[in-house]
Each structure stands twice: as structure tokens, then as C-alpha cells.
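**Q** pasting the sequence and the predicted model now:
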Amino acid sequence: MDSKKKEKEKEKEKDKDVIVYEKEMDMSSASRGVWLVKVPKYISSRWDKCPGNITAGQLNITRVQGQKSQVKLILSEAIMCLQEKGEEPIPKEHGLIVSHITSQTLGVFSQQTTPASANSPMETEKITFEGKVAQKLECRPTANASYMKLKRDCLIKAAQPTRIVKQLDRVVQSYKPISDHKHNKEFEEKKKAEGKKARDDKGKVMDMLFAAFEKHQYYNIKDLVKITNQPVTYLKEILKDVCVYNLKNPHKNMWELKPEYRHYKEEDKD
Amino acid sequence: MSATNKTPAGASAPAAAAASNVQTIDIRVPKNINKKLAIMRFNGSMGIDFVQWKDPKMERENNQVQFKGFNEDMPKFGAGSEYGREAREEARRKKYGIISKKYNPENQPWILQHGGKSGKKFRGVRDGGINENASYYVFTQAPDGVFDAFPVQEQYSFQAVQNYKPLSIEEAEEGYNMRNKTFNMFNVMMRKRLRKADEDAEEEGEEEGEGKVKSKKKKGAKDSRFGDELDDLMASSDDDSSDGNDDNEDDDGESKKKKKKGKKPVKPKKKRKNASDDEALEDSDDGDGEGRELDYISSSDDDESDFEKEEAKDGLKGVAEEDALRKLLNSDEEDEDEEKEGEEDKDKDEEDAEGTEEQQGDKASKDEKGDKKKKKDKKKNKDKKPRSEEYGSSSDSGAESSASELEKVKPSPKVKPGSANSSRSGTPTKPGLSMPCPDANLSDSKRKGTPGISEVLLGQSIKKPRLDMASASSVASSASAASSSSAGSEGVNEESVRRYLSRKPMTTTELLQKFKHKKTGLTSDQLVHHIAQILKKINPVKQTIKGKMYLSIKG
């Protein structure tokens, strides 16, 4: 029964796995330049939490004649308010250091999966080229007292060991005897519900067997019992008529059809 | 990115001042669970231009086959298949603590190809840990001017995949062998150019052997070259004669050849030959000469020296015989004294013949005597010199030189019919002549200078005192004369070489130069051989300074 479940799960997984991957890359925005911005984790965690339709921040670009333009990232009030209990307030302003990429070429592509719908029965994954990275920006907070406090707390938190030694004053019994295990009980209940396996018509059973043997050549007796849902003794009687029991190793303790009953397609090749 | 240049529509704060232009752009973080962004990283030197990509295709690499690896020869369905085998195997493996990972196609590297089948191919491997300590966002500009920030999930670094087949071991080996060939192609061109330059100077057949080369070596008269030869002689101490040296050259490393090549641009023929050798031969490897049979050096040495001795003896004997013959022929006209002298001479010759064998040892002592005697006999020696030189060199130098000397011996007697040497006076060409032929004398005088002429002029009269002197000096004088003759050109002997070397270390070339200035009368070729012999005997301390071999003797 467990194996049946497993099989079902597997099949489900298989269905899930069947994704049509589209090889072709959409290059419609090949000439587009994008920015690659490196931000600290505390900003990204807040941005992850915030809804997509609000303004998450602002870029302030100050350009002075004859100087490099300065870029500032100012987080919005909404983001600043996303503070959870026990969390330190994060700095609102960050400088962005602009650097050009020299020794490498960076491109950005996206994989977009569209779930199965009416016109496409299977899930499809499409690869789109999003653009070439034109500039790399690095987020750098201004080193003020609050930022330092934040970092210090971060460090302290990181230094906290996940496992600590605790002294026990008496023996702790981690394993307690149980009269009957849970899965045993379940099994018993299930068996009771099903009742005794009833002997079916011999022809019916044989049909089932032949159908099973069409799929595979060798079967274990346990598996056949599960498949046909017949008592073992009755099943064995029938098997003795149409099958041979393998006593030797490649397929030891397994049943296979007598040669006169088999007609496997692949066997013709051999 | 042109975002900085644009004035976004959604920007709230316009320009504040004239000098500083502040621009504000809003940022949104759109939520799209189905969209995953990743960075593709290329090396800058690859010259990637995304715009020029034509229908690029990108897919995950299929590593399913490699992933499976084991128990996969069993069919899953139909004949030969077992029901529930995989589950059973899995359970069995689990029992042994092996928990197999599932194949995840999402975790496979990317294969990117653009420009069709023959286009470029890249393989993108995931760079781990980019999101470990910081996060990356990609800012793109939405149509309404607001920046959209998308988090970057992964980064893949792409590398070009070679689309040619690498060489197999055998092919590589073949190519490696060809390496020499290509190198020599260059050589061929060089040689061709050289050949053109030397074509008018020398026109000799290509297929002449070592002998030819050697003879050519002799022909040339450059000091530096001879110095080299001497160096070689000294360097390869095991070979006795220049013959052996030549043979050895082939076995010696190429470096030596190259050295020679570099040093001797005068000898294109030799060079050519060497180069052709290069072409034919492989690079020497370990164990290349293992199978070759090698004579024991010592034994070959012995053989050679025996041979040499024999030849030397023969040569001298020949002279002696000749002398005897001459004596017979001349006996009628010669005085008794002269006969005596002739006998003495004969004795001398015989002594010489023996001397060749013992010379090596005896020479030094004899030379000493000779030196003493030299001053006294200076005059006498002067006209004797050519002959004595020949003797010296013939006895001292190797087999071939002695052979060549023999030929020279014959014409030389012609030169001094009136000299003290009765044996010489009676040459077969002029058996009965008491007075020499004038033209012969002319040539003679040219060669020897004034003493010869005076001799000629004075004729017998000058002979007499000499003969007297010779007879008076008796055995000692004869011995000394013999020694002086056998010692060869008076300057070039072991003593002088020792003297030079003990003074300061010098190269062979320098040493040669020392003797060059003295009027030894030897040809430079003979001189080289002579000095080589002496050096071998002395076996001076060799030291290499700045690539030159300096010889010295510790006092």
C-alpha cells in the first residue's frame, strides 16, 4: 500500500516535472542597459516583504558640472515602517558607488514560467534576455551611530551559538515505551476495514495476472498479492498453472510466465 | 544605461539649482513569483555583444545519462523487467546509508548557442554564494519612468565551448614529431639563403663523407678554427686522433654542433652536412643509444696507437731504406768522410725509428740536450731545419700526417744536395750530381733564405768543416742531432708548452699564437696536431672561464 502511495506521488511529480522549456531566447531588449545594484541584506529583506505596487525607495542623482554624479538611495517611509519587533531601525539613506564593468560582460536574463492554461496544457518556461549590465552600483550606508549599532547587534546575533550546553539535574527520558505504535494501529484498522481477501473467479484473476505480466516479466509473490488482492494460497495455485518460480539468482524468488504464455515484443529482438 | 540622462516622468523633484542638478527616480519592487532573474557573466576578452546575437538558444544541459550511472542495463518494462525493482533497490541502498540525490534538471548548467549550428557555444556554470552576504537587484526602467528592482537569484559564468575535436594521444604524438619538421622548415630557408651566398665560393658535391670534411678542415688556415679543433681534441680526451674526433662528433650532443656552426661561418659545407643530419635524426631521447654497440674505448685506443706506431715505423723505415738506396747510388762519388757521415745519418734514422716508440718518454731528456746543443749548432740547424721538422712532425703527429709527410720527404732532399746530409744529397732525381742544378738551387734558396745560397756558392768547401764538426762531436753530437731533429721545430716542444702554461692559464688559441710567432716553419695544421699531442701528454688543468677553456699547469 505504501508503494502504491509512492507510485502515485511519483506520477504526480512527473506531471509536475513536465515543463516545456523553450530554447529560444527572447532578445527583444538586447540593447537595453540595466543597473546592477548591490544592497545589504537588511534592505533586501524589507523589500521582499513590501507589496509590489508601492514606492520602495527613491534614487537621488546629483550632478555637478565637472564632477562625477552622486547617486543616493533613499528608502521610503513605508519600508522604514516595516520594522518588526526587536529589530533595529535601518538607515534611511545610502550612497551608491557607481563603478563600470571593465573586465567582464554581464547580461541579465530571466526565466518566466507560465502555468498551464487553456491554450497551453503544459507549463512553459521562457527565457528572456533582460539587458546588458551597464553600471554596477554598490550600496554604502553612511557610518553613523545608528548604523554602527545595527551592525553591532548583527554581529552579536551572528556570534550567538545555536546550540548551548545546559546542565540537567535529573535523567531525561527521551524514549518512552509504547504499547502499540501508531503505524501498526493504522495498518490494523485498515486491514479490518478491508476484511478478508475473497477468492475471485479464476479466469478473472488470470486476466489480472496476464495484464500484470504484460508490463513486467518478473513479479514477487507479495506484489502479485497486492495487485490481484487475492489470498496467497489461492494465488499460488493459479500461478503454478501458468508461471514458473525462479529459484536461481538473477531473478530469485520471482514468478514469471511459462514460455508458452509469453509474447513480449522486445524478446523477439533477443 | 541611459536612465541618468532621462528625465523620468514620475520624478517628483525637478532641478533645484543651476550648478547641481538633482534628479529623483522612484523605485518599485514588483512581485512576480514566476519570474526569476539571473546574471550571465562573460569574460571581457570574449568580446560579447548581445545585440549581435542571432536567434540564441539556451537550455539546460542534459546530464541524465551521467547522473544515472549504475543498474541501468535492466529494462524498465516488458521482457526482463522486474516489478518494483527500483523501489527495492532504493530501499536496499538506504539500508546501507546511501541516500541518492534526485536528478534536478534545474540545477544543470546552461548551454547557450547563438548563430545557428556552426555558431558559438557557451556553457554557463552557476557561481555559488552571490546572495550569501548581500543581495543584488537589477534596476530596469519601466515605461512610466519608475525603476523596477528585480532581485537576482543566480549568477552563471559562461565559458566558450570548443567546437573542435581535441587530438587523441596518437595524433598528438604525431604532431609532436612534426614539431621538429616545422622548426627545420625555417632552417631550410636559412640554409638556402646561405647556400646562395656561398655558391660561387664553393661548389662541392653534397654526398661526400667525413674525409672530405676533414680535408677541408686542413685546407682552411684560420687560427680561430684551429683553436676550436684543439679545443675539441682536448675536450674529447678519449679519442686519440682527429679521425676519432670526427667520428665522435655525430654521437656528441647537438650543442657541440651548434657551437661549431655558430663559430664557423667559413665552412658552409660542413654546416650543411650537420644540418642535414639534424633533419634525419630525431631528438635524442633517453635510451636512444641503448641498443647501439659500442667498442670499449680503451681497446680501440690501443688498436689505434698500435696502428699508428706501426705506420710511423713503416714510414721511417721507408726513409731509411731510401737512405740506404741512396747511399748505394752515391757511394761512388762520395768521400769516405761522407760515407761515414752517411752511416751516421743512417744510424740517426734508425734511432729515430726506434725513437718513435720511446719518444714520448725520452723526448724530454733529449730535448734538453738538444737545447744545449742548439746554440752551438745554430748555423747548422738552420739549413737542417726543414728536414728535421719533417722528421719531428712525422714521428710526432698521427698516422695520416706521417703518411703525408712521406710524400714531402721525397721532394725535399732535392733541395740540399750540398748539405751535410749525404743521404739527402743523393736523391734519385739527381743521383750523380756533385754540383746542384741551378734552378733547383734557386727554388731552394727561396725557401731557405741566404744560408742555402751561401751553401750553394761555397759548395764542398763549406761542407767540410761541418763534416768535421759532426765527426768531432761524435756520438753525443749525433745523438743530439737526432734528438733535435726528432724534437721537431725547436720551439714547439713539451718544455716550452709547459713553460707557457705554468706562467698563466691560456686558451689553446693563445697558445697557438705563441708558437705562431716563432719561426717554426711548420704549417699551422701540423702545429695544431703537434701541440695537441703535447697537451695530451701534459694533461694540463682545464678550466672554463666565460665559455672558453683555459689550460694551465700548477707549478
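**A** Perfect, thanks for sending it.

**Q** okay, now B:Ile25: neighbour count?
**A** Residues near B:Ile25, counting by other Cβ atoms under 10 Å in any protein chain shown, number 23. All C-beta spots, glycine's among them, are computed from the backbone N, C-alpha and C.

**Q** which is the next helix or strand following the helix or strand hosting it?
**A** Using DSSP states H and E, B:Ile25 sits within strand B:20-28. Where DSSP H and E defines the elements, the next helix or strand beyond strand B:20-28 is strand B:35-43.

**Q** right, is that following strand up against chain A?
**A** Yes: against chain A, strand B:35-43 shows contacts by Cβ under 8 Å from any Cβ of the partner chain at B:Lys35, B:Lys36, B:Leu37, B:Ala38, B:Ile39, B:Met40, B:Arg41, B:Phe42, B:Asn43.

**Q** so who does the residue nearest to the fourth one when sequence neighbours are not counted touch?
**A** By the measure of Cβ to Cβ, 6 or more residues apart in numbering or on different chains, the closest residue to B:Ala38 outside its immediate chain neighbours is B:Glu154, 4.2 Å from it. Under the criterion of Cβ atoms under 8 Å, 6 or more residues apart in numbering or on different chains, the contact list for B:Glu154 reads B:Lys36, B:Ala38, B:Ile39, B:Arg126, B:Asp127, B:Ile130.

**Q** filter these to the buried ones?
**A** B:Lys36, B:Ala38, B:Ile39, B:Ile130 (16 or more other Cβ atoms under 10 Å in any protein chain shown).

**Q** re the thing from before, tell me the spacing between the residue nearest to B:Ala38 and B:Gly124.
**A** Between B:Glu154 and B:Gly124 the distance, using Cβ to Cβ, to the nearest Å, works out to 10 Å.

**Q** likewise for B:Ser135?
**A** Following Cβ to Cβ, the distance that separates B:Ser135 from B:Gly124 is 21 Å.

**Q** those two - which one has more neighbours?
**A** The residue with more neighbours, out of B:Ser135 and B:Gly124, is B:Gly124; 24 against 21, by other Cβ under 10 Å.

**Q** list the contacts of that one.
**A** B:Met40, B:Pro109, B:Trp110, B:Ile111, B:Leu112, B:Tyr156, B:Ser157, B:Phe158, B:Gln159.

**Q** where does the stretch 51-200 of chain A have low pLDDT?
**A** Within the stretch 51-200 of chain A, the stretches with pLDDT under 70 are A:118, A:120.

**Q** would you mind listing what in it touches chain B?
**A** Near chain B, when you scan the stretch 51-200 of chain A using Cβ under 8 Å from any Cβ, you find A:51-65, A:69, A:73, A:101-115, A:127, A:129-135.

**Q** and A:Lys190, how many neighbours does it have?
**A** 10.

**Q** any idea which helix or strand comes after the helix or strand containing it?
**A** When elements are assigned from DSSP H and E, A:Lys190 belongs to helix A:182-194. Counting by DSSP H and E, the element after helix A:182-194 in chain order, helix or strand, is helix A:202-215.

**Q** who does A:Thr124 bridge with?
**A** A:Val20, A:Thr114 (DSSP bridges).

**Q** check the stretch 101-250 of chain B for the residue nearest chain A and tell me.
**A** The minimum distance from the stretch 101-250 of chain B to chain A, using Cβ to the nearest Cβ, falls at B:Ser135 (3.4 Å).

**Q** how deep is the nearest residue to A:Leu75 once chain neighbours are set aside tucked in, by neighbour count?
**A** The spatial neighbour of A:Leu75 that comes closest, neighbours along the chain excluded (Cβ to Cβ, 6+ apart), is A:Gly57 at 4.7 Å. If you count neighbours by other Cβ under 10 Å, A:Gly57 ends up with 27.

**Q** could you pull out the helices for the stretch 101-250 of chain A?
**A** Along the stretch 101-250 of chain A, counting by DSSP state H, counting those that start in this stretch, helices occupy A:145-159, A:182-194, A:202-215, A:221-228, A:232-242.

**Q** residue boundaries of the helices in the stretch 51-200 of chain B?
**A** B:64-68, B:85-95, B:169-198.

**Q** can I assume A:Val225 is in contact with A:Leu235?
**A** Yes: assessed by Cβ atoms under 8 Å, A:Val225 is found in contact with A:Leu235 at 6.1 Å.

**Q** give me the distance between the closest residue to A:Lys196 other than its chain neighbours and chain B.
**A** Excluding the flanking residues, the one nearest A:Lys196 by Cβ to Cβ, 6+ apart is A:Pro231, at 7.9 Å. A:Pro231 sits 19 Å away from chain B, taking Cβ to the nearest Cβ, to the nearest Å as the criterion.

**Q** which ones are touching A:Pro231?
**A** A:Lys196, A:Lys197, A:Arg199, A:Val225.

**Q** next, count neighbours for the third one.
**A** Here the number of neighbours of A:Arg199 (other Cβ under 10 Å) works out to 13.

**Q** and the last one, by the same measure?
**A** Other residues near A:Val225 come to 17 when the count uses other Cβ under 10 Å.

**Q** for it, give its distance to B:Ile534.
**A** Separation of A:Val225 from B:Ile534 (Cβ to Cβ): 110 Å.

**Q** name the residues of stretch A:99-115 that are buried.
**A** Result for stretch A:99-115 [16+ other Cβ under 10 Å]: buried residues A:Thr105, A:Leu106, A:Gly107, A:Val108, A:Phe109, A:Ser110, A:Gln111, A:Gln112.

**Q** repeat that for stretch A:204-211.
**A** A:Val205, A:Met206, A:Met208, A:Leu209.

**Q** and stretch B:144-161, by the same measure?
**A** Residues of stretch B:144-161 classed as buried: B:146-152, B:154-159 (neighbour count, 16+ other Cβ under 10 Å).

**Q** mind listing which of the residues you listed are in strands?
**A** Members of the buried residues of stretch B:144-161 lying in strands (criterion: DSSP state E): B:Phe147, B:Asp148, B:Ala149, B:Phe150, B:Pro151, B:Val152, B:Glu154, B:Gln155, B:Tyr156, B:Ser157, B:Phe158, B:Gln159.

**Q** can you add pLDDT and give those residues back as JSON lines?
**A** Formatted as JSON lines, those follow (pLDDT from 0 to 100):
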{"residue": "B:Phe147", "pLDDT": "90"}
{"residue": "B:Asp148", "pLDDT": "89"}
{"residue": "B:Ala149", "pLDDT": "91"}
{"residue": "B:Phe150", "pLDDT": "91"}
{"residue": "B:Pro151", "pLDDT": "92"}
{"residue": "B:Val152", "pLDDT": "93"}
{"residue": "B:Glu154", "pLDDT": "91"}
{"residue": "B:Gln155", "pLDDT": "93"}
{"residue": "B:Tyr156", "pLDDT": "94"}
{"residue": "B:Ser157", "pLDDT": "93"}
{"residue": "B:Phe158", "pLDDT": "93"}
{"residue": "B:Gln159", "pLDDT": "91"}
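
**Q** pull the most distant pair out of these.
**A** Pairwise distances across those peak at 31.7 Å for B:Phe147 and B:Gln159 (criterion: Cβ to Cβ).

**Q** who are the contact partners of A:Ser103?
**A** B:Asn43, B:Gly44, B:Ser45.

**Q** name the residue of the stretch 451-555 of chain B that lies nearest to chain A.
**A** B:Gly547 (46.1 Å).

**Q** quick check: phi and psi on that residue?
**A** Backbone geometry at B:Gly547, expressed as degrees, to the nearest 10, gives phi 80, psi 0.

**Q** how close does it sit to B:Leu535?
**A** B:Gly547 is 19 Å from B:Leu535, where distance means Cβ to Cβ.

**Q** which one of the two has more residues nearby?
**A** Using other Cβ under 10 Å as the criterion, B:Gly547 and B:Leu535 rank with B:Leu535 on top: 20 against 6.

**Q** how about the more buried one, phi and psi?
**A** Per degrees, to the nearest 10, the backbone of B:Leu535 is at phi -60, psi -40.

**Q** what about B:Leu512, neighbour count?
**A** 20.

**Q** from the ones in strands among the buried residues of stretch B:144-161, which single one is nearest A:Met27?
**A** Once Cβ to Cβ is applied, the member of those that ends up nearest A:Met27 is B:Phe158, at 15.5 Å.

**Q** many thanks, have a good one.
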